[in-house]
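> build me a model from this:
(one chain, ligands or ions: 2)
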Amino acid sequence: MVEQIVSSPDEIRRVRTYIEGFDEHLQGGIPHGHISLIAGSAGTMKSSVCFNILYGEAVNGRIGLYLSLEQSHQSILNHIINMGYNLNLVNIVVIKDLADFQQDVAKVKNSHDKGTIIIVDIGVIRKEVKDVKIDENRSWLNVIKNVVKTVKDTVGLDVFTLDSMSALYVLSRFKNPRIELFYIFEFLRDADVTSLLISEAPSDGSRYGEFDEDFLSDGIIHLRLAAFRRRIVREISVVKMRTTKTNNDLFSLEFEGGRFKAMYGGQNPLL
Ligand SMILES: Nc1ncnc2c1ncn2[C@@H]1O[C@H](COP(=O)(O)OP(=O)(O)O)[C@@H](O)[C@H]1O
Ligand SMILES: [Mg+2]
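Ligands and ions are numbered 1, 2, ... in the order given. Down below sits the predicted model:
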C-alpha cells in the first residue's frame, strides 16, 4: 500500500485505545496503518491493553486478530472473562487448527452484525511450523504472515496484535534478527493494518525493543509499574506517535468494571 497524503488532520483515520482519558491526549488515537510497540515489563497489562483495543474496535464492527505466542487461547479467554468484558457484544473466533483456518475465518463474513476478534494461539503455529518442512528460522515468520494475509484477504483486517515480539525471537531463533525485523515491519506496512507489537521492555525506558524496533516503529506506548510509597501503581505514557500531537506525560492507569481509565498528572488515585 502506498501511503496517501491527507489534505487535513481530520482525514487521518485513528484507532482509539478505548482508555478513558487517554485518547484525547493522542488526537483521538493511533493512526490507522501504524505499527506501534506496546512495551513494558511483565504484568504491566500489555496484553490486556491490546485486547482492550481489539474489543473496542470489534464492538464498533471491526475485525481484529490476536496472535499469541505466549499464552494459550484458554488462558487468554479466561483472563478476558475474568476482566469482565461483555463478550456478547463481539464475535470471538478461536483458531485451533490452521488446516481449517480459511473456513473458520470465512464464517466471520456471515456475521455482519458485530465485529470480531480472531484469536490464534501458539500451539497452532508450533504444529504448523513442525509440519512445514522448511528452514525453521523462516517458517515462523511465514506462518505469521500467512495468518495475517489470510484474514486480510478473506474478511478484512483492521487491527493486528502480535503477543509478543520477545517470544517470536525466542521461538524463531533468527540468524539475523535485525534483517528479519526489518522485513516484518515492511510486511505489516504493506498489509495496511494497524499493528500492535507487544514488547518486553525494562521499566526504566532505556529501550523498548530488543533490536531496531524503537526507530522502525511509528508509535511506542510504554506501560510500567511504579512504586508509590509502599504501593504499586500502574502508569502509561506515549513515548512516540508519528503524525500525532501527543501529551508525553505519565498517566496513571486503572482497570475497573471492564474499563481502562488513565488519569493525568497530579490526579493520582492514591492522593
Ligand atoms: N480483573 C482484573 N482487574 C484488574 N486487573 C487485573 C484483572 N485481572 C488481572 N489483572 C492484572 O493484570 C495483570 C496481567 O495483565 P497482562 O495483560 O497479562 O500483563 P502483561 O501482558 O503485561 O504481562 C495481572 O498481573 C493482574 O495484576
Ligand atoms: Mg502478556
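
> what about the closest residue to Val239 other than its chain neighbours, distance to Ser237?
Take Val239 and drop its neighbours on the chain: the residue closest to it by Cβ to Cβ, 6 or more residues apart in numbering is Ile220, 3.9 Å away. For the C-beta atoms, the positions are set from N, CA and C on the backbone; glycine is no exception. For Ile220, the distance to Ser237 (Cβ to Cβ, to the nearest Å) stands at 9 Å.

> comparing the two, which residue is more hemmed in?
Ile220 (23 against 20; other Cβ atoms under 10 Å).

> starting at the chain centroid, how far to the longest helix seen in the chain?
For the chain, the longest helix by residue count, based on DSSP state H, is helix 136-154. Using Cα atoms, centre = their mean, to the nearest Å, the mean C-alpha position of helix 136-154 is found 16 Å from that of the whole chain.

> please save the CA atoms from it in PDB.
The C-alpha coordinates for helix 136-154 follow below in PDB (Å, rounded to 0.1, in the frame of the first residue of the first chain):
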ATOM      1  CA  GLU A 136      12.700 -23.400  10.900                       C
ATOM      2  CA  ASN A 137      14.100 -19.800  11.100                       C
ATOM      3  CA  ARG A 138      11.900 -18.700   8.300                       C
ATOM      4  CA  SER A 139       8.800 -20.800   8.800                       C
ATOM      5  CA  TRP A 140       7.700 -18.900  12.000                       C
ATOM      6  CA  LEU A 141       7.600 -15.700  10.100                       C
ATOM      7  CA  ASN A 142       5.900 -17.300   7.100                       C
ATOM      8  CA  VAL A 143       3.200 -18.800   9.200                       C
ATOM      9  CA  ILE A 144       2.500 -15.500  10.900                       C
ATOM     10  CA  LYS A 145       2.500 -13.700   7.600                       C
ATOM     11  CA  ASN A 146       0.100 -16.300   6.100                       C
ATOM     12  CA  VAL A 147      -2.300 -15.900   9.100                       C
ATOM     13  CA  VAL A 148      -2.300 -12.100   8.700                       C
ATOM     14  CA  LYS A 149      -2.700 -12.300   4.900                       C
ATOM     15  CA  THR A 150      -5.500 -14.900   5.000                       C
ATOM     16  CA  VAL A 151      -7.600 -12.900   7.500                       C
ATOM     17  CA  LYS A 152      -6.900  -9.700   5.500                       C
ATOM     18  CA  ASP A 153      -7.800 -11.200   2.200                       C
ATOM     19  CA  THR A 154     -10.800 -13.300   3.400                       C
END
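
> can you name the element that comes right after that helix?
Using DSSP states H and E, the helix or strand that follows helix 136-154 towards the C-terminus is strand 159-163.

> what's that next one packed up against?
With contacts defined as 3 or more Cβ pairs under 8 Å, 6 or more residues apart in numbering; DSSP states H and E, strand 159-163 has these neighbours: helix 46-59, strand 63-68, strand 194-200.

> go with 10 Å
strand 35-40, helix 46-59, strand 63-68, strand 116-121, helix 136-154, helix 177-191, strand 194-200 (3 or more Cβ pairs under 10 Å, 6 or more residues apart in numbering; DSSP states H and E).

> which of the ones you listed has the lowest mean pLDDT?
Comparing mean pLDDT over these, the weakest stretch is helix 136-154, at a mean of 85.

> and the angle for that helix with strand 116-121?
Helix 136-154 and strand 116-121 are oriented at 160 degrees to each other (axes from the mean of the first three to the mean of the last three Cα atoms, to 10 degrees).
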